[in-house]
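>>> sequence first, predicted coordinates after that:
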There are 2 protein chains.
Amino acid sequence: MNVTILGLGLIGGSLLHALTAHGHAVTGFDLSAETRTAARSFADIADSIPAAVAGADVVVLAVPLPALPGVLAELTDFPGLITDVTSVKGPVRDLIAGQRFVGGHPMAGTAESGFAAADPHLFAGCAWVLCLEPETDLADWLRLCALFTALGARVVPATADEHDEAVARISHVPHLLAAALANLIDGHPLAAALAAGSFRDGTRVAATRAELIAAMCGGNAAAVRRVLPGVVEDLDSYANALSTPDPLTALLRRPVELRRGWPAPAAEPVEVEPEREALWSLGRAGGWVSRVGVSGPADSGTKLVAMRPGTDRNSF
Amino acid sequence: MNVTILGLGLIGGSLLHALTAHGHAVTGFDLSAETRTAARSFADIADSIPAAVAGADVVVLAVPLPALPGVLAELTDFPGLITDVTSVKGPVRDLIAGQRFVGGHPMAGTAESGFAAADPHLFAGCAWVLCLEPETDLADWLRLCALFTALGARVVPATADEHDEAVARISHVPHLLAAALANLIDGHPLAAALAAGSFRDGTRVAATRAELIAAMCGGNAAAVRRVLPGVVEDLDSYANALSTPDPLTALLRRPVELRRGWPAPAAEPVEVEPEREALWSLGRAGGWVSRVGVSGPADSGTKLVAMRPGTDRNSF
């Protein structure tokens, strides 16, 4: 497949390495001349977006959210399939409306960034959300699903709204909690000196750049604002129960059980029809596609090999 | 020194090993006959509290907070020095009022528990708060300080109230935030499946037993209740700033700076007079005593070797 990657940071660069290793014809582009030079040792690198996308079957937008509108302005005539890797999916869906698009989000961030940190194995075992909307072309979705599962990714089908709500819960709100927790040592050197494991782990992601946290959370503002009040409500209920140990224990049983049961202990292999409802149901149950069968054309006889957490063992 | 340890769990057992290795005459007692049998290979183990404390210079109460009143009832006639290792200091101070007591808290918990997990090196480099109140006998404080610094502990002087406020900030409230965060995957298998580093670290301590978290937080209820509203206030301010990236970035700069600056990069050796004000000031600055000099009697010529974070580098 002819794949063009626009933006060669950690994700774009890793994808360039991985797809090249899997025999695809990869073209890349990055705004930074320095990055383009570094990437030329590994793939065909163009000097402009129009040159990069000419003849591509698939274009992967691997630029940060704020850079997307500028890149999209150069793709209005591109007839092929477009996907992206940004961490928020509703706003990107709205931005690209009208083009042949399947939104994506590989959950593969690391502390590193930039092309120099790119790793061809970054996607092995990583969850890669591929957005499936009522209007998504199923054949396009399956095409990308086959491309990314071949790299070892677990492709998770979800609507953009389901994705945004989920990442608010497990990434954006956790970053804000970590920040609020880090503030607790402000003006308290004694507390900072006594802090150990629970403070270290609870605040780890507060060391992320402030601009990045703000961009992630701000880009998913609606979902984050829906999720935060539940956290505040829980904290209030803990405060109210503090002086009465029994109620507090009772309130803590469920989160303790949830954390001990996470990650889900086992998933079972299942075969899933390449149909919208079956895929949505798989994603909502915490499952993923691990392989696209090749028994027929993409939109008819294809079977999907999937993994689905056992319902009896999945306590979420 | 004749030291008696009541309660031979992880902390009491580790202390038994460490003090024995340092040449002290250690007597132990535990309510569990099984634990007493196991400990007999390592020290003199008594079969009752009165037998254990007879002739002791120092008694270390290494039982959980709820067991303290019962043990104290058997120590009303004990004339020696009493210390403890529980994680909350105000309530214990009030409980023991009237006896020769210096409260302590070694910050040395691990995931393990019980005598079998005891480790003679558990206290090497660990912060050990020793409570210094206006009414504390300074010679008693220095005696324990010498005992524990010899095991490699960093002895941190603080009042019980300062301690309780600090641990609410860096341990108890973090446990409640971890619980509230763990709740966010309840009923959301998709979110649980996508959860990775920020959720894993942010919720790690929510896997602690519910009863333990409730006991820790409930035992320090007043301080936890004072600290929690600040967290809720921060979360509200983040929610309000979400749609406007610049204010959110501005709000996040300080916690990011705090987390990146923690732990304090360097502490400088200083000599501290064995005086109340000097010790309080050391603890409040995030410093600790690392050695008690032997140049004179405990309450006169003694010098304390201490470490104090450099004021220019300490951003808390």
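Done, it's in. For clarity, every value in this text was computed on a predicted model and none was experimentally measured. Numbering: from 1, shown residues only, chains lettered A, B, ... in the order given.
>>> just give me how far stretch A:191-201 sits from the chain centre.
Its chain's average C-alpha position is 30 Å from that of stretch A:191-201, according to C-alpha atoms, centre = their mean, to the nearest Å.
>>> quick one: contacts of that stretch?
A:181, A:184-185, B:107, B:109, B:127, B:129, B:156, B:163, B:165-167, B:169-171, B:174-175, B:178, B:201-202, B:204-205, B:262-264, B:286-288, B:309, B:316 (C-beta atoms under 8 Å, 6 or more residues apart in numbering or on different chains). All C-beta atoms are positioned from the backbone trio N, CA, C, and that covers glycine.
>>> out of these, which end up buried?
Buried members of the contacts of stretch A:191-201, scored by 16 or more other C-beta atoms under 10 Å in any protein chain shown, are A:181, A:184-185, B:107, B:109, B:127, B:129, B:156, B:163, B:165-167, B:169-171, B:174-175, B:178, B:201-202, B:204-205, B:262, B:264, B:286-288, B:309, B:316.
>>> how many residues are close by A:Pro64?
By the criterion of other C-beta atoms under 10 Å in any protein chain shown, A:Pro64 has 15 neighbours.
>>> swap that for A:Leu151, please
Residues lying near A:Leu151 (other C-beta under 10 Å) number 21.
>>> where does it land in three-state SS?
Judged by DSSP: H, G, I helix; E, B strand; the rest coil, the three-state class of A:Leu151 is coil.
>>> which residues touch it?
Taking C-beta under 8 Å, 6+ apart, we find A:Leu151 in contact with A:15, A:18-19, A:22, A:123-124.
>>> helices - which of these land there?
A:15, A:18-19 (DSSP state H).
>>> any idea which of the residues you listed has the most stuff around it?
Across those, neighbour numbers were computed from other C-beta under 10 Å; A:Leu15 holds the maximum, 29 neighbours.
>>> for the residue nearest to that residue when sequence neighbours are not counted, give me phi and psi.
For A:Leu15, ignoring the flanking residues on the chain, the nearest one in space by C-beta to C-beta, 6 or more residues apart in numbering or on different chains is A:Ile5 at 5.7 Å. Here is the backbone geometry of A:Ile5 (degrees, to the nearest 10): phi -110, psi 120.
>>> could you check how far A:Ile5 is from chain B?
As judged by C-beta to the nearest C-beta, to the nearest Å, A:Ile5 and chain B stand 23 Å apart.
>>> repeat that for A:Gly152.
16 Å.
>>> what mean pLDDT does the helix or strand encompassing A:Met216 get?
Element membership for A:Met216, per DSSP states H and E: helix A:210-219. In this model, helix A:210-219 has a mean pLDDT of 91.
>>> what element comes up after it heading to the C-terminus?
Tracing the chain C-terminally past helix A:210-219 and defining elements by DSSP H and E, one meets helix A:221-241 next.
>>> report whether that next one contacts chain B.
Yes: Helix A:221-241 is in contact with chain B by C-beta under 8 Å from any C-beta of the partner chain, via A:221, A:224-225, A:227-232, A:234-236, A:238-239.
>>> distance between that helix and the chain's centre?
24 Å.
>>> neighbours of the spatially closest residue to A:Ala223 that is not a sequence neighbour, how many?
Nearest residue to A:Ala223, sequence neighbours excluded (C-beta to C-beta, 6+ apart): A:Ala168, at 3.8 Å. For A:Ala168, the count of nearby residues is 26 (other C-beta under 10 Å).
>>> might one say that A:Ala168 is in contact with A:Arg226?
Yes: between A:Ala168 and A:Arg226 there is a contact under C-beta atoms under 8 Å: 7.2 Å.
>>> got the contact list for the nearest residue to A:Ala108 once chain neighbours are set aside?
The shortest distance from A:Ala108 to any non-neighbouring residue, by C-beta to C-beta, 6+ apart, is to A:Cys126 (4.3 Å). Applying C-beta under 8 Å, 6+ apart, we find A:Cys126 in contact with A:106-108, A:152-154.
>>> and A:Cys126, how far from A:Met107?
Note on A:Cys126: its distance to A:Met107, by C-beta to C-beta, to the nearest Å, is 6 Å.
>>> go on, A:Gly187?
Distance, A:Gly187 to A:Met107, by C-beta to C-beta: 36 Å.
>>> now swap in A:Leu279 and tell me
Distance, A:Leu279 to A:Met107, using C-beta to C-beta: 18 Å.
>>> can you show me the helices along the stretch 201-316 of chain A?
Per DSSP state H, counting those that start in this stretch, the stretch 201-316 of chain A carries helices over the ranges A:210-219, A:221-241, A:245-260, A:276-284.
>>> turn the ones you listed into CSV, including distance to A:Ser113 and mean neighbour count.
As requested, these are exported to CSV (distance: least, C-beta to C-beta, whole Å; neighbours: other C-beta atoms under 10 Å in any protein chain shown):
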stretch, distance to A:Ser113, mean neighbour count
helix A:210-219, 9, 22
helix A:221-241, 22, 19
helix A:245-260, 29, 19
helix A:276-284, 28, 18
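>>> export those to CSV and tack on distance to B:Ala33?
As requested, the helices of the stretch 201-316 of chain A are exported to CSV (distance: least, C-beta to C-beta, whole Å):
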stretch, distance to B:Ala33
helix A:210-219, 54
helix A:221-241, 36
helix A:245-260, 28
helix A:276-284, 53
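>>> for B:Asp119, which of the ones you listed is the nearest?
helix A:245-260 (24.9 Å; C-beta to C-beta).
>>> for that closest one, name the packing helices and strands.
For helix A:245-260, the elements it packs on are helix A:221-241, helix B:173-182, helix B:210-219, judged by 3 or more C-beta pairs under 8 Å, 6 or more residues apart in numbering or on different chains; DSSP states H and E.
>>> can you tell me the closest non-neighbouring residue to A:Ile170?
Spatial nearest neighbour of A:Ile170, excluding adjacent residues (C-beta to C-beta, 6+ apart): B:Ala195 at 3.9 Å.
>>> now do A:Arg284
Counting by C-beta to C-beta, 6+ apart, A:Arg284 lies nearest to B:Leu190, which is 5.6 Å off, once chain neighbours are set aside.
>>> tally of neighbours for A:Leu132?
A:Leu132 has 22 neighbours, counted by other C-beta under 10 Å.
>>> how about it, nearest residue that isn't a chain neighbour?
In space, A:Leu132 is closest to A:Pro157, 4.6 Å off (C-beta to C-beta, 6+ apart).
>>> doesn't the one you found belong to a strand?
Yes: counting by three-state DSSP, A:Pro157 is located in a strand.
>>> tell me which residues touch it, please.
By C-beta under 8 Å, 6+ apart, the contact set of A:Pro157 is A:129-130, A:132, A:141, A:279-280, A:282-283, A:289.
>>> again, but for A:Met307
Counting by C-beta under 8 Å, 6+ apart, A:Met307 has contacts A:154, A:267-270, A:287-288, A:290.
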